[in-house]
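[1] next input, structure requested:
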Amino acid sequence: MTVVIDSFPSSRTDYFLHYAIVAIDVIRASTTAVTAVAAGRRCIPVSSVEEALRMREQMPDCVLAGEVAGVKPEGFDLNNSPASVALRTDHQRPLVLLSSSGTKLMVQSSTCVDAYVACLRNFKATAAHLAGRHERIAILGAATRGEFREEDQLCCAWIASELFRLGHEPENRRTGNIAERWSTANVDACARGNSAAFLRRSGQTDDLDFVLAHVNDIPLAFRLAAGEILPIPIVTSFAGEKEHAGTSGSRLIA
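    You can find the predicted model right below:
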């Protein structure tokens, strides 16, 4: 069982054909999505403003959240902001989510049989669910402006390191090097990259603070199915221990 770490878009086209995919965009799309679904909200990632507006025609009560080049598009309710999503109480309204890179990765990943969405909030739960289930796993960070950002490398490395501990092996030397470099890094490393710098310049430090303050606090894995991000259903062992908690359609995390 092997694990590869890479960024999207990648020159390798076989990931989406032969691997289980884990889509990661810590700042901010995967954190926003995980936060929304953990609160019991439906979340549908899209790859363009036009697609988001079409979804609003189909679901007039949906919340449009997103950004293009960091700027909230006209007609959207929210930016791609996990902090803002966490404050909302209208969990019955679906979230249609757009980002410059992360949701494009999610949409592409949703064509796979086995695809997941992860961030720092659920990295351990994701690794625990993946362990032993798939022969080949590709953990893909969403490249922003062609750059495999620090926060995504860190999250990919944390998941990969958990998988190595649980019996998987790195597929190549680059994966092993990334895991070795970042596996022991502190979450504060996320505050030193270009994504964090943009949030500071644009006055969106609430999202940076949110990412840094919410690590391994959601005991759930999330999968992509039929264009939507869904929590993995409850699995209870004979001893009564819950491997994962939560049921789609109800609030999962307070």
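
[2] surely residue 19 and residue 136 touch.
    Yes. Counting by Cβ atoms under 8 Å, residue 19 touches residue 136, with 4.7 Å between them. C-beta: built from backbone N, CA, C; applies to glycine.

[3] list residues touching both of those two?
    In terms of Cβ atoms under 8 Å, 6 or more residues apart in numbering, residue 19 and residue 136 are both contacted by the residues residue 4.

[4] which one's more surrounded, these two?
    Applying other Cβ atoms under 10 Å to residue 19 and residue 136 shows that residue 19 carries more neighbours, namely 26 against 15.

[5] list the contacts for the residue most central in space within the chain?
    Taking Cα atoms, centre = their mean, the centroid of the chain lies closest to residue 30, which sits 2.8 Å from it. Listed by Cβ under 8 Å, 6+ apart, the contact set of residue 30 reads 23-24, 102, 106, 117-119, 142.

[6] for those, give me CSV that also has secondary structure.
    Written out in CSV, the entries for the contacts of residue 30 read as follows (DSSP: H, G, I helix; E, B strand; the rest coil):
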residue, secondary structure
23, strand
24, strand
102, helix
106, helix
117, strand
118, strand
119, coil
142, strand
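
[7] chain neighbours aside, what residue packs nearest to residue 216?
    If the residues on either side of it in the chain are set aside, residue 216 comes closest to residue 124, at 5.2 Å by Cβ to Cβ, 6 or more residues apart in numbering.

[8] one step back: helix or strand: which one has the residue nearest to the centre of the chain?
    Using DSSP states H and E, the secondary-structure element containing residue 30 is helix 29-38.

[9] now swap in residue 211 and tell me
    With elements taken from DSSP H and E, the one containing residue 211 is helix 205-213.

[10] ok, then the element right after that helix?
    Of the helices and strands lying after helix 205-213 in sequence (DSSP H and E), the nearest is strand 222-225.

[11] could you list every helix and strand in contact with that next one?
    For strand 222-225, the packing partners by 3 or more Cβ pairs under 8 Å, 6 or more residues apart in numbering; DSSP states H and E come out as helix 29-38, strand 115-118, strand 228-231.

[12] which of the residues in it are buried?
    Across strand 222-225, burial judged by 16 or more other Cβ atoms under 10 Å covers 222-224.

[13] pretty sure residue 76 contacts residue 56?
    No. No contact is recorded between residue 76 and residue 56 when judged using Cβ under 8 Å, the distance being 9.5 Å.

[14] the two: who's more crowded?
    With neighbours defined as other Cβ under 10 Å, residue 76 and residue 56 compare such that residue 76 has more, 21 against 17.

[15] now the top helix by length along the chain: average pLDDT?
    Among the elements of type helix in the chain, defined by DSSP state H, the one spanning the most residues is helix 150-165. Predicted confidence along helix 150-165 averages 97 (mean pLDDT).

[16] buried ones in it?
    Within helix 150-165, the residues that qualify as buried are 150-164, counting by 16+ other Cβ under 10 Å.

[17] stretch 33-49 too?
    33-46, 49.

[18] and for stretch 194-211?
    Along stretch 194-211, the positions that meet the burial threshold by neighbour count (16+ other Cβ under 10 Å) are 195-196, 199, 204, 207-208, 210-211.

[19] could you give the mean pLDDT of it?
    Confidence over stretch 194-211 (mean pLDDT, whole number) is 96.
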